[in-house]
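K.L.:
Quick one, what's the 3D model for this:
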Amino acid sequence: MSLSYLAQEAATESTLKGLGAVGYGLAAIGPGIGVGIVVGKAIEGIARQPELQGTIRTNMFLGIAFTEALALIGLVAGFIF
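P.N.:
As a prediction, the model looks like this:
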């Protein structure tokens with residue numbers, strides 16, 4: 001193996017690792033939008049029926065947790081692959 005081949009392989013590997021970070025950053029946009037929609041709809045629901053505030057808030061936090069789980073799965077998948 002020549003030295004130039006090893007240098008080329010090292011450059012390719014570092015470029016691919018950088019692209020993984022960019023990919024995860026783009027993938028985090030989806031859960032961010034999802035949380036915004038969940039919270040917005042919860043506020044709208046509480047404004048329409050204030051007597052159900054506790055139930056709506058509980059469901060809102062469950063929705064946020066499930067949506068954020070997608071972001072964490074994406075982070076872990078980035079480390080695995």
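K.L.:
What does the pLDDT read for Val22?
P.N.:
pLDDT for Val22: 74.
K.L.:
need the next SSE after the helix or strand bottoming out on mean pLDDT in the chain, C-terminal direction.
P.N.:
Using mean pLDDT, DSSP states H and E, the weakest-scoring helix or strand in the chain turns out to be helix 3-27, at a mean of 64. Past helix 3-27, further along toward the C-terminus, the next helix or strand under DSSP states H and E is helix 29-48.
K.L.:
Which elements pack onto that next one?
P.N.:
helix 53-80 (3 or more C-beta pairs under 8 Å, 6 or more residues apart in numbering; DSSP states H and E). Where C-beta positions appear, they are placed from N, C-alpha and C, glycine not excepted.
K.L.:
could you give me the average pLDDT of the helix it packs on?
P.N.:
86.
K.L.:
Return the list of helices and strands in contact with that helix.
P.N.:
Using 3+ C-beta pairs under 8 Å, 6+ apart as the test, helix 53-80 ends up in contact with helix 3-27, helix 29-48.
K.L.:
who are the neighbours in contact with Met60?
P.N.:
Val38, Val39, Ala42 (C-beta atoms under 8 Å, 6 or more residues apart in numbering).
K.L.:
switch the cut-off to 6 Å
P.N.:
If a contact means C-beta atoms under 6 Å, 6 or more residues apart in numbering, then Met60 has Ala42 as its contacts.
K.L.:
With the one 10 residues further on instead?
P.N.:
Under the criterion of C-beta under 6 Å, 6+ apart, the contact list for Leu70 reads Pro31.
K.L.:
Could you check how far it is from Ile37?
P.N.:
Taking C-beta to C-beta, to the nearest Å as the measure, Leu70 falls 13 Å from Ile37.
K.L.:
Ok, Gln49 next?
P.N.:
Gln49 is 19 Å from Ile37, by C-beta to C-beta.
K.L.:
likewise Gly54?
P.N.:
For Gly54, the distance to Ile37 - C-beta to C-beta - is 21 Å.
K.L.:
between these two, who's got more neighbours?
P.N.:
Comparing Gly54 with Ile37 by other C-beta atoms under 10 Å, the one with more neighbours is Ile37, at 12 against 9.
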